[in-house]
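Peer 1: Generate a structure from the sequence data that follows.
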Amino acid sequence: ASNDFVGAGNYTANLTTAGWNAILTEIKNYKMPAASVRTHQYTIAKASQTQGSVVIAGYTYGGTVSTPSLNASLEEEPTVTYYYSTTNSTTGGTEWKDITATSLNAGTYYMYAVVGATDNYEGYTTATATQFVVAKASYDMTGASWNYSSAFTYDNTEKTVEVTDLPTGVTVKTYVDNAKTNAGNYTASVTFNYDTTNYNEPSIDSLSWVINKATAVIDTTGVTKTYTYTGEEQTVASGATLNHSETTPTYSNNKFTDVGTGTYTITISAAETANYLSASTTVDITVNKATGAITVDTTKMTKEYDQTITLPTATSNFGTVSCDKTPADLVNVGTYTVTYTLAGTGNYTGDTKTLTVEIVKLKLTKPSEDTTNFVYNGEEQTYSIAASDYYTVANNKRTNAGSQTVTVTLKDAFNTCWADESATDLEFTFSI
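Peer 2: Purely as a prediction, here's the structure:
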């Protein structure tokens, strides 16, 4: 007979009967069948594999992806395919393959496995799905900081503190109390735009920052310092100017009468105000010769860089007034003091007047992006940026399909800036 069966499957067994009559000749009353072959069909069914469940650890978005496994001892090395889903189900999932650190958004997922059948074992789908979590990542804010290192000084212009060096993916959403003009102590805070799906909310400590009161400057240029004796009491009560308009100068010890060649010292003061410290100065008044006087507009001049400057013309009651600067000296951004001088003679004393000229940065309108829909045509194409003598355009030519960054850079960041007072390079994406 053929009766050796091992693997699962369908089999045929042949049973042969021969010579039974000879063997059983002494058995009475039995008639044995003639020699013959009898056939039987047998089936060995496939066995069941050991049931198991998926084992997978959670991981952080953007980090190292976990590798799933099945906690069962499987025979004959069947194929095991893993599937994931956002619902707790063992059907309808997405096959787990080619998964990168950012393939799955942060959230809760479920994974099941499908074990393939082998020659002798049935396949199966895990009875339950295993939950795993892709945790939200945290932005590295260690490099971010407020661009504030020391107190500002009031100058009647808005002072701003901002957060710089933010990580990729984080931008400023709103500032609170980061822009002020008047002197005072302030606390600035900031919120951010970010990928709320995959990242925890980034933050940075609030900033305590200060705008100090400015130094009040009493300009005594306009005070008449030399008098000719008249025999009557004379008073000095005008001529001094301040570098601000929050108060007016006051005068003390400012009356004199005789000694035509005598010298008097008067005090000119300015009280502390909301944005300026107090100040005091003295002026010596001499009664003697007639005083030469310069007449010139000493009102502070403010001009933008590269704009035409015409200095005020100075006159006097005698002689020629010289000026220590010409428009050619007042080019770059900065604050300049222009000094007008009248030299004395035997009959007149000299005189000096000063004029503050401030050259501020030239504010440039940021060029607009090129809205052209570029399509590959085999030829070099140009991302158009409005031409200007004040900035350069780089990396704005491309032939092949793809993307690159076009950079617009100020030629002279010391003397020019963009309309928003920034001087950083502008970047545009050039895509074909």
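Peer 1: got a pLDDT number for T17?
Peer 2: For T17, the pLDDT comes out at 50.
Peer 1: One more: Y229?
Peer 2: 64.
Peer 1: got it, and P68?
Peer 2: For P68, the predicted pLDDT is 98.
Peer 1: Kindly report the same for N21.
Peer 2: So, for N21, pLDDT stands at 48.
Peer 1: Next: T168.
Peer 2: Value listed for T168 in the pLDDT field: 97.
Peer 1: so who does it touch?
Peer 2: If a contact means C-beta atoms under 8 Å, 6 or more residues apart in numbering, then T168 has no contacts. (C-beta placed from N, C-alpha, C; glycine too.)
Peer 1: Could you list the buried residues of stretch 70-77?
Peer 2: Within stretch 70-77, the residues that count as buried by 16 or more other C-beta atoms under 10 Å are 70, 72, 74.
Peer 1: Quickly name whichever of those residues is closest to A101.
Peer 2: Nearest to A101 among the buried residues of stretch 70-77: L70, at 23.3 Å, using C-beta to C-beta.
Peer 1: ok, and the closest non-adjacent residue to that closest one?
Peer 2: G52 (4.7 Å; C-beta to C-beta, 6 or more residues apart in numbering).
Peer 1: That neighbour and N71 touch, don't they?
Peer 2: Yes: here G52 reaches N71: they are 4.9 Å apart, a contact under C-beta atoms under 8 Å.
Peer 1: so who does the residue nearest to L70 touch?
Peer 2: 70-72, 74, 113, 126.
Peer 1: for T220, same thing?
Peer 2: T220 neighbours (C-beta under 8 Å, 6+ apart): 239-240, 268, 281, 283.
Peer 1: ok, and the most crowded of these?
Peer 2: The most crowded member of these, judged by other C-beta atoms under 10 Å, is I268 (24 neighbours).
Peer 1: any idea how far V321 is from the residue nearest to that residue when sequence neighbours are not counted?
Peer 2: Closest residue to I268 apart from its sequence neighbours, by C-beta to C-beta, 6+ apart: A240 at 4.6 Å. Here the criterion is C-beta to C-beta, to the nearest Å. By it, A240 lies 21 Å from V321.
Peer 1: ok, now T372?
Peer 2: Taking C-beta to C-beta, one finds T372 at 59 Å from V321.
Peer 1: Could you check which of those two has the larger neighbour count?
Peer 2: V321 (19 against 11).
Peer 1: Specify the beta-bridge partners of the more buried one.
Peer 2: Taking DSSP bridges, one obtains L342 as the residues bridged to V321.
Peer 1: Isn't it up against T341?
Peer 2: Yes: applying C-beta under 8 Å as the test, V321 and T341 come out as touching, 6.8 Å apart.
Peer 1: Identify the contacts common to these two.
Peer 2: What both V321 and T341 touch, as defined by C-beta under 8 Å, 6+ apart, is the set I294.
Peer 1: and N373, how many neighbours?
Peer 2: N373 is flanked by 7 other residues according to other C-beta under 10 Å.
Peer 1: looking at this, it is in a helix?
Peer 2: No: the assignment for N373 (DSSP: H, G, I helix; E, B strand; the rest coil) gives coil, which keeps it out of a helix.
Peer 1: So what's the residue count around A127?
Peer 2: 10.
Peer 1: In space, what's closest to it - neighbours in sequence excluded?
Peer 2: Going by C-beta to C-beta, 6+ apart, A127 has Q51 as its nearest residue, at 6.7 Å.
Peer 1: Contact partners for the one you found?
Peer 2: Q51 touches 72, 124, 126-127, counting by C-beta under 8 Å, 6+ apart.
Peer 1: Touching, S280 and A271? I think so.
Peer 2: No: here S280 does not reach A271: they are 9.9 Å apart, not a contact under C-beta under 8 Å.
Peer 1: For Y348, state which of the contacts of Q51 is nearest.
Peer 2: T126 (108.8 Å).
Peer 1: Next, the contact list for the residue nearest to E380 when sequence neighbours are not counted, please.
Peer 2: In space, and not counting its chain neighbours, E380 is closest to T399: 4.7 Å by C-beta to C-beta, 6+ apart. With contact set as C-beta under 8 Å, 6+ apart, T399 has these partners: 378-381, 432.
Peer 1: about what we covered before: so which of the contacts of G52 sit within strands?
Peer 2: 70, 113 (DSSP state E).
Peer 1: Of the contacts of G52, which is the nearest to V172?
Peer 2: A113 (45.7 Å).
Peer 1: ok so, going back, okay, the residue nearest to L70: pLDDT?
Peer 2: 94.
Peer 1: And for T39?
Peer 2: 72.
Peer 1: The one 3 residues further on too?
Peer 2: The pLDDT attached to Y42 in the predicted structure is 74.
Peer 1: quick one: which helix or strand includes it?
Peer 2: Element membership of Y42 [criterion: DSSP states H and E] is strand 36-44.
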